[in-house]
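J.: next input, structure requested:
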Amino acid sequence: MAHSVDAASIKGCESGLESSGSIIVPCPWLPENTAYEADQGLHLIRTSEFSSYRWGPVLSTDRVSSLLDRNGYLPLTASEAASHANAGEVEAEIRAQLTALEHSALSQRISIPQVTPGK
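T.: Reported below is the predicted structural model:
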């Protein structure tokens, strides 16, 4: 997710204290997080909840415009993410996150209410 988190995870794996980790694919520090051998799971994400550290989608912004805030990032809150999202765009972005890397597990970073079909 961030350099400090990655550095701690890498140190934990190298020392034997950790044997697995999790990855948020849209995060800017993804290449560093994938540079070490560990059992990696994916956090499926539709928000970018830190006001001073933001990220956008995996897909190009023109393909998932309903998932973005006015600044072009994933929304800060789950309620904002749910209120604007198009179900087809949600599916496309989640599929892109799933196929971006090999992974051993899945989790959801922040609970987001279901998108109403057809919206």
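
J.: the longest strand in this structure is where?
T.: In the chain, taking DSSP state E as the definition, the longest strand is strand 39-44.

J.: list the buried residues of that strand.
T.: Using 16 or more other Cβ atoms under 10 Å as the test for burial, strand 39-44 gives 40, 42-44. For the C-beta atoms, the positions are set from N, CA and C on the backbone; glycine is no exception.

J.: and it, what does it pack against?
T.: In terms of contacts (3 or more Cβ pairs under 8 Å, 6 or more residues apart in numbering; DSSP states H and E), strand 39-44 is packed against strand 20-23, helix 87-100, strand 105-108.

J.: buried stuff in the following helix or strand past that strand?
T.: Under the assignment DSSP states H and E, the closest C-terminal helix or strand after strand 39-44 is helix 78-84. Buried residues in helix 78-84, counted by 16+ other Cβ under 10 Å: 78, 81-82, 84.

J.: coming back round to it: as TSV, the buried residues of strand 39-44 with distance to residue 54 and pLDDT would be great.
T.: Shown next, in TSV, are the buried residues of strand 39-44 (distance: Cβ to Cβ, whole Å; pLDDT from 0 to 100):
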residue	distance to residue 54	pLDDT
40	23	80
42	19	83
43	16	83
44	18	86
